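Trainee: just coords:
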């Protein structure tokens with residue numbers, strides 16, 4: 001009886017290893033919304049201050065050099081991210097590529113981590129409020145009590 005039990009116990013790992021299914025990574029839906037198949041370009045269309053007296057910041061009247069910037073999310077394995085300056089430059093020596101970095105998304109908190117030169121030169125954690133293939137709204141809180149924030153609305157302008 002002990003011999004049979006040993007044989008059964010020793011053969012179980014072999015049986016289970018032979019029945020394994022190959023895992024194929026499937027990127028979450030948000031990743032494809034941000035990047036398209038290869039890369040996707042977005043532009044900021046609206047900026048809202050949600051602090052005291054919640055108001056639309058009227059992004060179109062803000063500094064022109066930020067209005068024409070393009071935000072490019074790549075679907076490569078490195079999650080490359082670029083901010084490309086438009087024709088209006090903020091300074092005479094401004095490079096066309098303002099940011100070349102990586103983006104990341106945390107599903108558990110719906111947080112998109114990117115650099116947005118309009119607000120900061122550092123990576124910021126934006127909450128994804130809504131996202132579709134053509135428009136997304138992000139929010140960044142400026143205080144611990146979540147009373148002051150900026151909401152940024154972006155529209156897709158091209159997909160590859």
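Mentor: Alright, I've got the coordinates. What you see is a predicted model; the values in this text were computed from it and never measured.
Trainee: nearest residue to the middle of this structure?
Mentor: residue 112 (4.0 Å; Cα atoms, centre = their mean).
Trainee: skipping adjacent residues, who's closest to residue 133 in space?
Mentor: residue 33 (5.9 Å; Cβ to Cβ, 6 or more residues apart in numbering). For every residue, glycine as well, the C-beta is placed using N, CA and C.
Trainee: now that neighbour. Its backbone dihedrals?
Mentor: Per-residue torsions, residue 33: phi -60, psi -40 (degrees, to the nearest 10).
Trainee: is it correct that it is in contact with residue 135?
Mentor: No. Applying Cβ atoms under 8 Å as the test, residue 33 and residue 135 come out as separate, 9.8 Å apart.
Trainee: between those two, tell me which one has more neighbours.
Mentor: residue 33 (19 against 15; other Cβ atoms under 10 Å).
Trainee: OK, contacts around that one?
Mentor: 131, 132, 133, 136 (Cβ atoms under 8 Å, 6 or more residues apart in numbering).
Trainee: quick revisit: which residues are common contacts for residue 33 and residue 135?
Mentor: With Cβ under 8 Å, 6+ apart as the test, residue 33 and residue 135 reach no residue in common.
Trainee: how about low-confidence regions in this protein?
Mentor: Residue ranges of the chain with pLDDT under 70: 1-28, 53-62.
Trainee: ok, which stretches of it are strands?
Mentor: For the chain, strands defined by DSSP state E occupy the ranges 39-49, 55-56, 70-74, 80-84, 97-102, 104-106, 111-115, 123-131, 135-141, 149-159.
Trainee: which other residues reach the last one?
Mentor: Contacts made with strand 149-159 from outside it, assessed by Cβ under 8 Å, 6+ apart, are listed as 36-37, 39-51, 57, 70-71, 116, 118-119, 126, 129, 133-142.
Trainee: please name the nearest non-neighbouring residue to residue 32.
Mentor: Closest to residue 32 by Cβ to Cβ, 6+ apart is residue 75, at 7.6 Å.
Trainee: hmm, residue 81 and the one you found touching each other?
Mentor: No. Using Cβ under 8 Å as the test, residue 75 is too far from residue 81 to be in contact (11.0 Å).
Trainee: this completes my enquiry, with thanks.
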